[in-house]
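[1] got a predicted model here, sequence first, then my questions.
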Amino acid sequence: MMNHYGTNLAFTTSRTQVFFSHAEMAQALQTYLRANQTRLAPFEPLRTDDYFSLAEIQQRINQQIDERVQQRGVALVVMLKDSQQIIATINFTNLIFGVFQACHLGFSIDKDHEDQGLMAEVLETALEFIRQDYGLHRIMANHLPDNVRSERLLKKLGFVREGFAKSYLKINGEWRDHVLTAYVFAD
């Protein structure tokens, strides 16, 4: 089934279609965020009710589009090939070029689609996509020390632990330590 977001298609995998974040997806993204609000809260900044409003989501999507045009970030949404439902998000942020050629990676997946290998499948292709389309050399992904799922996934993808940062990000209202990892492309 062809998805009506086809003009914003970034890439596909065997089971998914991955799209650049686009204004037409605001309602579907709102549904995804609300459905996963409680589960994702321990891993994200403290969110107000406004964060989940359609107007706020549309504003964030417009900002993401602007960041992609200016090559500062790439926001992606993931759907199964036979669906219009967003099941995951991927964000490449803080794109830096020149001698560094790096960015940060963030991701989340719907609670009903965990443990199916979907995020590994999509991220494997997303890493190659970001390398090919943006010429990046290093992808950094940081996670909470107790986020075992992210730790396992990043390790499976080839990310290597590079350090530990005390009081790194304010997550769910508290300053939290993070494990620092990176994936470096071989030349």
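    Perfect, thanks for sending it.
[2] buried residues of stretch 56-65, list them for me.
    57-58, 61, 64-65 (16 or more other CB atoms under 10 Å). C-beta coordinates here come from the backbone N, C-alpha and C atoms, glycine included.
[3] and these, which is closest to Lys111?
    Ile57 (19.2 Å; CB to CB).
[4] out of the buried residues of stretch 56-65, which sit inside helices?
    Residues from the buried residues of stretch 56-65 lying in helices, with DSSP state H as the criterion: 57-58, 61, 64-65.
[5] Leu136 belongs to a strand?
    No - looking at Leu136 with DSSP: H, G, I helix; E, B strand; the rest coil, it is coil, so not inside a strand.
[6] run through the residues that contact the closest residue to it other than its chain neighbours.
    Among residues not flanking Leu136 along the chain, Gln101 sits closest, at 5.1 Å (CB to CB, 6 or more residues apart in numbering). Going by CB atoms under 8 Å, 6 or more residues apart in numbering, Gln101 touches 135-138.
[7] middle-most residue in the protein, spatially?
    Geometric centre of the chain, nearest residue: Ile90, 1.9 Å, by CA atoms, centre = their mean.
[8] make JSON lines out of the contacts of Gln101 and add neighbour count, distance to Leu154 and pLDDT.
    Putting those into JSON lines (neighbours: other CB atoms under 10 Å; distance: CB to CB, whole Å; pLDDT from 0 to 100) gives the following:
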{"residue": "Gly135", "neighbour count": "10", "distance to Leu154": "22", "pLDDT": "94"}
{"residue": "Leu136", "neighbour count": "20", "distance to Leu154": "16", "pLDDT": "96"}
{"residue": "His137", "neighbour count": "15", "distance to Leu154": "17", "pLDDT": "96"}
{"residue": "Arg138", "neighbour count": "15", "distance to Leu154": "14", "pLDDT": "97"}
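[9] out of these, which is nearest to His22?
    Leu136 (22.4 Å).
[10] which residues in the protein form strands?
    9-12, 16-20, 74-80, 86-96, 102-109, 138-143, 160-171, 174-184 (DSSP state E).
[11] can you add distance to Ala120 and give these back as JSON lines?
    Formatted as JSON lines, the strands of the chain follow (distance: least, CB to CB, whole Å):
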{"stretch": "strand 9-12", "distance to Ala120": "15"}
{"stretch": "strand 16-20", "distance to Ala120": "11"}
{"stretch": "strand 74-80", "distance to Ala120": "12"}
{"stretch": "strand 86-96", "distance to Ala120": "11"}
{"stretch": "strand 102-109", "distance to Ala120": "10"}
{"stretch": "strand 138-143", "distance to Ala120": "13"}
{"stretch": "strand 160-171", "distance to Ala120": "16"}
{"stretch": "strand 174-184", "distance to Ala120": "13"}
